[in-house]
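**Student:** Kindly generate the corresponding structure for this input.
(one chain, ligands or ions: 1)
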Amino acid sequence: MEREIHNIVILTGAGISAESGVATFRGPDGLWEGHRVEDVATPEAFERDPVLVQKFYDERRAKLKTVHPNPAHQALAKLDAAWGGDLLLVTQNVDDLHDRAGSKRLLHMHGELNSAWCLNCDARSGVSHPLSHHPACPHCKQPALRPDIVWFGEMPYQMERIELALAQCDLFVSIGTSGAVYPAAGFVQSARHYGAQTLEMNLDPSEGSLYFHESRMGKAGELVPVWVEEMLK
Ligand code: OAD
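**Tutor:** Modelled structure (predicted):
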């Protein structure tokens, strides 16, 4: 017998922001097509060429000002506001479109473009100037800010909280992610291990598609609002 759904964990990836005009990572027009991951998304790259890395993230941060949440972000915010059980939206995205749509029970496991991390005093702060201009940290006044982004080889944020939510959820939903990057790609197997139902919504089957009980293929902006209405019925 299918268990009743009280607790939901939702994982989102770049595909949910694609219809807003934010580039995804993989595929023909993907961000990683124009750059080698090793050149812009590792601590070693930052040590080697900090200006190149800061400019890459400065450009992506500037782009955020030109894009808006789409119906998929909005539908998830509506679900968050209305859902009486536990709900955790875990995004791999470093854009702020879930935040702007109004999602509250939200966690950015790969960091945020609008946040800076001071390598001198360890404080986090909002970003008001391009980091390639070497602004001072508002806390210690040193020009030691790096993007608050989880790079390859670094540990994603709040993994303990995520693992606990996966163990307690009745439904795990993955939206707009290729399933190519761990640990996020393994969440479906963790959730299933603990007995959750699993649903994937993506443009095409992800690398872990076979682990999902149900797969819905199509655009997030069309699929997610329909699914949210089903959940709120
Ligand atoms: P990817 O670019 O790897 O995958 C995006 C997925 O979204 C693909 O499977 C597309 O088919 C799908 N997609 C594209 N448009 C869509 C749409 N309109 N509706 C639904 N799905 C759509 O992006 P992620 O899986 O998010 O990590 O990548 C995971 C991580 O890899 C990122 O967080 C980033 C990257 O390296 C870090 O920077 C640490």
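
**Student:** what are the phi and psi angles of the spatially most central residue of the chain?
**Tutor:** Closest to where the C-alpha atoms of the chain average out (Cα atoms, centre = their mean) is residue 92, at 2.0 Å. Dihedral pair for residue 92: phi -90, psi -10, per degrees, to the nearest 10.

**Student:** And it, how far from residue 158?
**Tutor:** Distance, residue 92 to residue 158, using Cβ to Cβ, to the nearest Å: 12 Å. Where you see a C-beta, it was placed from the backbone N, CA and C, and this is true even at glycine.

**Student:** Could you tell me which residues touch both of these two?
**Tutor:** Taking Cβ atoms under 8 Å, 6 or more residues apart in numbering as the contact rule, residue 92 and residue 158 both touch residue 109.

**Student:** just to revisit the earlier point, tell me the pLDDT of the residue nearest to the centre of the chain.
**Tutor:** Residue 92 is assigned 98 on the pLDDT scale.

**Student:** what residues does this structure put near the ligand?
**Tutor:** 13-15, 18-19, 24-26, 30, 41, 92, 110, 150, 176-178, 180-181, 202-204, 206, 219-220 (Cβ under 6 Å from any ligand atom).

**Student:** Apply the buried test to the residues you listed and list what passes.
**Tutor:** 13-15, 18-19, 24-25, 41, 92, 110, 150, 176-178, 181, 202-203, 206, 219-220 (16 or more other Cβ atoms under 10 Å).

**Student:** Could you list the paired strands of the longest strand seen in the chain along with their orientation?
**Tutor:** Longest strand in the chain, counting residues (DSSP state E): strand 111-118. Counting by DSSP bridges, the strands paired with strand 111-118 are strand 124-126 (antiparallel), strand 145-149 (antiparallel).

**Student:** Please list the residues outside it that contact it.
**Tutor:** 57, 60-61, 64, 94-96, 123-127, 131, 137, 139-140, 142, 144-150, 157.

**Student:** Alpha carbons of that strand, as CSV, please.
**Tutor:** Written as CSV, here are the backbone C-alpha positions of strand 111-118 (Å, rounded to 0.1, in the frame of the first residue of the first chain):
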residue,chain,number,x,y,z
GLY,A,111,26.1,28.3,-2.3
GLU,A,112,24.7,31.5,-3.7
LEU,A,113,26.0,34.1,-6.3
ASN,A,114,24.7,36.9,-4.1
SER,A,115,26.8,35.8,-1.1
ALA,A,116,30.6,36.4,-0.5
TRP,A,117,32.8,34.4,1.8
CYS,A,118,35.7,36.2,3.5
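
**Student:** roughly how far is that strand from the heart of the chain?
**Tutor:** Distance of strand 111-118 from its chain centroid, counting by Cα atoms, centre = their mean, to the nearest Å, is 14 Å.

**Student:** Check which helices and strands the longest helix seen in the chain sits against.
**Tutor:** In the chain, assigned by DSSP state H, the helix with the most residues is helix 50-64. Applying 3 or more Cβ pairs under 8 Å, 6 or more residues apart in numbering; DSSP states H and E, we find helix 50-64 packed against helix 37-40, helix 43-48, strand 111-118, strand 145-149.

**Student:** Switch the ones you listed over to a markdown table; also include mean pLDDT and mean neighbour count.
**Tutor:** Putting these into a markdown table (pLDDT from 0 to 100; neighbours: other Cβ atoms under 10 Å) gives the following:
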| stretch | mean pLDDT | mean neighbour count |
| --- | --- | --- |
| helix 37-40 | 80 | 15 |
| helix 43-48 | 94 | 14 |
| strand 111-118 | 98 | 20 |
| strand 145-149 | 97 | 22 |
